[in-house]
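Trainee: Sequence below, structure please.
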Amino acid sequence: MIFSSTQSLLGQLSPEEYRAGFMAVNVTALSLGQASGPILAGTMFTKMKEKSNQGHIEKNGSLSDVLVSQEVGDKNTPSKAHIRKGIVGDWKNYLSDSELNFSRNYVQIKKETCPHVIDFFSLEDLLC
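Mentor: Presented below is the predicted three-dimensional model:
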């Protein structure tokens, strides 16, 4: 839809004697973009993956070469591994009481404006 309206606008704005050439250049530019876009995106993804394999940045700003932390997290010392155990409700072991209260208050505020979410998940599950 956007492409046809853009083509129509460009056709109207270009001088009549140069319209065919102008439209040909436009279509060529669009085709080059469609062809080179996936190649550029793939290259950028590869570069990002290479960077992520070099390690991660610590809280103090230093670069760590440890890719996956072996530490098991809890409420006081969160894990840096970003790996979940896959146990239902395990997130409660990582949130502080103030974070849990914040979540409960948020659910209470939103339950009136988002009734379908409450119907789907149940208020009991959302209030933990």
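Trainee: C-alpha from now on. contacts and neighbour counts both.
Mentor: OK.
Trainee: And the lowest mean pLDDT element among the helices and strands of the chain?
Mentor: strand 56-57 (a mean of 64; mean pLDDT, DSSP states H and E).
Trainee: who does the helix ranked longest in the chain touch, helix- and strand-wise?
Mentor: When the chain is parsed with DSSP state H, its longest helix is helix 19-52. Helix 19-52 sits against helix 2-13, with contacts defined as 3 or more Cα pairs under 8 Å, 6 or more residues apart in numbering; DSSP states H and E.
Trainee: buried ones in the helix it packs on?
Mentor: Buried residues in helix 2-13, counting neighbours by 16 or more other Cα atoms under 10 Å, are found at residue 11.
Trainee: Give the other helices and strands that that helix contacts.
Mentor: If you count contacts as 3+ Cα pairs under 8 Å, 6+ apart, helix 2-13 packs onto helix 19-52.
Trainee: could you give the angle of the helix it packs on to helix 2-13?
Mentor: 140 degrees (axes from the mean of the first three to the mean of the last three Cα atoms, to 10 degrees).
Trainee: Going forward, count from 301.
Mentor: Okay, using 301 as the starting number, the last item reads as helix 319-352.
Trainee: related to what we said a few turns ago, can you mark which positions in the longest helix of the chain are buried?
Mentor: Applying a neighbour-count criterion of 16+ other Cα under 10 Å, one finds 322-323 buried in helix 319-352.
Trainee: swap in stretch 393-405?
Mentor: Residues 394-395, 403-404 are the ones in stretch 393-405 that count as buried (16+ other Cα under 10 Å).
Trainee: Okay, residue 374 and residue 396: tell me how far apart.
Mentor: Distance from residue 374 to residue 396, counting by Cα to Cα, to the nearest Å: 10 Å.
Trainee: Centre-most residue in the chain?
Mentor: residue 345 (14.0 Å; Cα atoms, centre = their mean).
Trainee: Now do that one, the pLDDT please.
Mentor: pLDDT recorded at residue 345 is 81.
Trainee: Contacts only, for it.
Mentor: Applying Cα atoms under 8 Å, 6 or more residues apart in numbering to residue 345 gives no contacts.
Trainee: How much space separates it from residue 334?
Mentor: 17 Å.
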